[in-house]
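Trainee: Pasted the sequence and its predicted model underneath.
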Amino acid sequence: MRVLAEDIIVSWVERYAEKQIRYDKVRTLLPLIQEVKLSKELAELESLKAWAKQPDNEALKQQALNDIEAFRHRFSDKSYFIALKANDRYYYSDGSTSEDPYRYTLQEEKPSDAWFYQLMAIKLNLHLNVNPDVELGVIKLWSDVLIRDGDAVLGVVGTGLDLSTFLQQMVEKQDIYSGIVFTNYEGAIQLHQKEELIDFASITKNAHNKKFIFQLLSDADSQKRLQHSFANAKSNPNKVEMTSVNKDGVRQLASVIYIPEIDWFQVNFIDINSFLPLTEFSGLLWVFFVSLVCALVIVYVLMTLMVTKPLEELDLSIAELGKNHNRKPKLSRFAGLEIKRLILHYQKMSTSLLEYQQELESKVAERTEELNRIAKLDPLTELYNRRGFETHMSEYMAHWQATQQPFGLINVDINRFKDINDQYGHAIGDHVLQNVAAYLHAIVKGKGEVARWGGDEFLILVKQSNDKVVQQITERLLGDLESLVINIQDHDVTIEFSVGSALVQKGDTLEKLLHRADKAMYAVKFAER
Ligand SMILES: Nc1nc2c(ncn2[C@@H]2O[C@H](COP(=O)(O)OP(=O)(O)OP(=O)(O)O)[C@@H](O)[C@H]2O)c(=O)[nH]1
């Protein structure tokens, strides 16, 4: 904002300064320019030139002084001066006396007369000189114009303006300016509010002793910039050149304009800070700061209500979903539309995901149960296989340990089963095994469990039993009355078994019990042979 404001000020000042300077020229500088013009006219006066060539000729002198007297009234100070080269005499008249205007004789070695000899030497047609008037005791702004006859210089003529009046009108009228300075063509200060800064009689001094405007600036860069502006202004008379300089320790804008009529520069300084103090912005900055904080708080609250909170809810629900819980995210009515939509989709997704998962889990459970069941059963006879029977028996043995209710184990082995296989083939053998399984199952009914122990060998667990029941079953299996007869390829084949049994005893293990039943069965088998 400050940079922008500075830019605006610079462009505004540029326009303002240009107009102001034109106005100044008309209002204040015009009298000075007028004086210069008159002095130039006076220098062209033929009678003056004639006298200047022959200063001792009284007739020519009278003629010239008469003509000049008419001019005198036109000068604003109603005075003139003439300095003649031929006799080094200085004439001055303000009309106060009708005497000879001769005042004194100039002397080359006198510092206060140096201006004259310098002008003669450098042959400067017009020179404005700020110098004290020794006679009147005031500082005057002199307009010095050479009296020329072709190339020859005959003297100097001109008038003086009271500097203090001029300064009041010109330099002290500061408006927005922090300082107005007039310099000659090389930058030596001619008009300044502070008289001590004015470079009196610049023309008579060498550069080391002059007071240049550039010395008022704080650094070399600023001096360079101002010198550059001087050069530009000189090549574009009446055009204002702006540059930024450091003066009196602060940044200032310097507007430079060249006034060709008097070969001077006018430089106006503007202290940007005083023109545009930072404090002007402080209120605005506070408003901006407070607005910014309010806006941030509102944005934060809205973001929290519309986005952050609903997302936190969603996050919690997702964490719960990881634990297989369907948690419904709580939604405030401020939640953003997109977020609401997102959460709705999430709910649908999580519900169907959990349903699908439950379905999957129950299917897996079913399959596992089925697999466990299958793993325990013999696929051909659908009786317990060895593994299934062992599991069942270990459970039953634990039960027996607790209740001590007796039970028995019967080992049943088909006699010469290999012959059936060999004679009718394996498929028939399988068929026989299935029939044997059904037969044994029917005999045992609810009294116990039947298992296929391997090949053609079966085991029967007779639960909560005593020796008598076991004996009954054994006898039934060995007896002729209820023999198992299977029709194979139109032949009735009687299936015979070798059967051995054992009752559980104190301190028994399954191994021991099996061993006894096995032993009993083989005893029967070998006895038969
Ligand atoms: N068809 C069929 N045969 C089987 C199966 N498992 C075992 N076997 C047969 O059963 C026969 C058992 O033979 P063995 O142990 O000598 O028994 P066995 O011929 O009854 O002889 P003994 O017991 O001494 O009377 C073998 O020939 C096996 O190949 C099966 O699942 N199906």
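Mentor: Yes, it's here.

Trainee: chain center to stretch 112-123, what's the gap?
Mentor: 69 Å (Cα atoms, centre = their mean, to the nearest Å).

Trainee: repeat for stretch 132-151
Mentor: On Cα atoms, centre = their mean, the centre of stretch 132-151 falls 68 Å from the chain's centre.

Trainee: my guess is Phe75 meets Lys37, correct?
Mentor: No - look at Phe75 against Lys37 with Cβ atoms under 8 Å: they stay out of range, at 10.8 Å. For the C-beta atoms, the positions are set from N, CA and C on the backbone; glycine is no exception.

Trainee: Pick out the residue of this protein closest to the ligand.
Mentor: Gly429 (2.3 Å; Cβ to the nearest ligand atom).

Trainee: of Phe75 and Lys37, who's got more company?
Mentor: Phe75 (21 against 15; other Cβ atoms under 10 Å).

Trainee: Now do the same contact list for the residue lying closest to the more buried one once chain neighbours are set aside.
Mentor: Excluding the flanking residues, the one nearest Phe75 by Cβ to Cβ, 6 or more residues apart in numbering is Thr159, at 4.4 Å. Thr159 makes contact with Glu35, Leu38, Ser39, Phe75, Ser76, Asp77, Ser79, Tyr80, Phe81, Trp142, Ser143, according to Cβ atoms under 8 Å, 6 or more residues apart in numbering.

Trainee: Show me the residues you listed that map onto strands.
Mentor: Tyr80, Phe81, Trp142, Ser143 (DSSP state E).

Trainee: Just the buried ones from the residues you listed?
Mentor: Tyr80, Phe81, Trp142, Ser143 (16 or more other Cβ atoms under 10 Å).

Trainee: re earlier: tell me if I am right that the residue nearest to Phe75 is in a strand.
Mentor: Yes - assessed with DSSP: H, G, I helix; E, B strand; the rest coil, Thr159 lies in a strand.

Trainee: mind checking pLDDT for it?
Mentor: If you check Thr159, the pLDDT there is 93.

Trainee: Beta-bridge partners for it, please?
Mentor: Ser143 (DSSP bridges).

Trainee: Can you tell me how far it is from Ala83?
Mentor: 12 Å (Cβ to Cβ, to the nearest Å).

Trainee: before we move on, back to that, take the buried ones among the ones in strands among the contacts of Thr159 and lay them out in JSON lines including distance to Lys234.
Mentor: Converted to JSON lines, those look like this (distance: Cβ to Cβ, whole Å):
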{"residue": "Tyr80", "distance to Lys234": "30"}
{"residue": "Phe81", "distance to Lys234": "29"}
{"residue": "Trp142", "distance to Lys234": "23"}
{"residue": "Ser143", "distance to Lys234": "20"}
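
Trainee: Please tabulate those in JSON lines, including the columns pLDDT and distance to the ligand.
Mentor: Below are these laid out as JSON lines (pLDDT from 0 to 100; distance: Cβ to the nearest ligand atom, whole Å):
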{"residue": "Tyr80", "pLDDT": "94", "distance to the ligand": "156"}
{"residue": "Phe81", "pLDDT": "94", "distance to the ligand": "154"}
{"residue": "Trp142", "pLDDT": "90", "distance to the ligand": "147"}
{"residue": "Ser143", "pLDDT": "91", "distance to the ligand": "145"}
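
Trainee: Which stretches in the stretch 251-400 of the chain count as helices?
Mentor: 272-275, 279-303, 309-322, 337-376, 386-403 (DSSP state H, counting those that start in this stretch).

Trainee: can I get these in a markdown table with mean neighbour count?
Mentor: What follows is the helices of the stretch 251-400 of the chain, written out as a markdown table (neighbours: other Cβ atoms under 10 Å):
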| stretch | mean neighbour count |
| --- | --- |
| helix 272-275 | 15 |
| helix 279-303 | 11 |
| helix 309-322 | 15 |
| helix 337-376 | 12 |
| helix 386-403 | 14 |
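
Trainee: got the residue ranges for the strands in the stretch 51-200 of the chain?
Mentor: 80-84, 89-93, 102-105, 126-133, 138-149, 152-162, 179-183, 189-191 (DSSP state E, counting those that start in this stretch).

Trainee: Starting from the last one, tell me which strands it pairs with and how they run.
Mentor: It stands for strand 189-191. With DSSP bridges as the test, strand 189-191 pairs up with strand 179-183 (antiparallel).

Trainee: angle of the partner strand against strand 126-133?
Mentor: With axes from the mean of the first three to the mean of the last three Cα atoms, to 10 degrees applied, the angle from strand 179-183 to strand 126-133 works out at 110 degrees.

Trainee: Retrieve the pLDDT associated with Lys224.
Mentor: 96.

Trainee: make that His491, sorry
Mentor: For His491, pLDDT reads 87.

Trainee: neighbours around it, how many?
Mentor: 9.

Trainee: One more: Phe407?
Mentor: 23.

Trainee: Touching, it and Met393? I think so.
Mentor: No - judged on Cβ under 8 Å, Phe407 makes no contact with Met393 at a distance of 10.0 Å.

Trainee: Name the spans of the stretch 101-250 of the chain whose pLDDT lies under the cut-off.
Mentor: 134, 169-176 (pLDDT under 70).

Trainee: Which stretches in it count as helices?
Mentor: Using DSSP H, counting those that start in this stretch, helices in the stretch 101-250 of the chain cover 114-122, 163-170, 220-235.

Trainee: Select, out of those, the one closest to Ile414.
Mentor: With respect to Ile414, and counting by Cβ to Cβ, the nearest of those is helix 220-235 at 122.5 Å.

Trainee: send the alpha carbons of that closest one over as PDB?
Mentor: Extracted in PDB, the C-alpha atoms of helix 220-235 (Å, rounded to 0.1, in the frame of the first residue of the first chain):
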ATOM      1  CA  ALA A 220      26.900   9.800  -3.200                       C
ATOM      2  CA  ASP A 221      24.100   7.900  -5.000                       C
ATOM      3  CA  SER A 222      21.700  10.700  -4.300                       C
ATOM      4  CA  GLN A 223      24.200  13.300  -5.600                       C
ATOM      5  CA  LYS A 224      24.700  11.300  -8.800                       C
ATOM      6  CA  ARG A 225      20.900  11.000  -9.400                       C
ATOM      7  CA  LEU A 226      20.400  14.700  -8.800                       C
ATOM      8  CA  GLN A 227      23.200  15.600 -11.200                       C
ATOM      9  CA  HIS A 228      21.700  13.300 -13.800                       C
ATOM     10  CA  SER A 229      18.300  15.100 -13.300                       C
ATOM     11  CA  PHE A 230      20.000  18.400 -13.800                       C
ATOM     12  CA  ALA A 231      21.400  17.200 -17.100                       C
ATOM     13  CA  ASN A 232      18.000  15.900 -18.300                       C
ATOM     14  CA  ALA A 233      16.200  19.000 -17.100                       C
ATOM     15  CA  LYS A 234      18.700  21.200 -19.000                       C
ATOM     16  CA  SER A 235      18.000  19.400 -22.300                       C
END
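
Trainee: Right, I'll leave it there.
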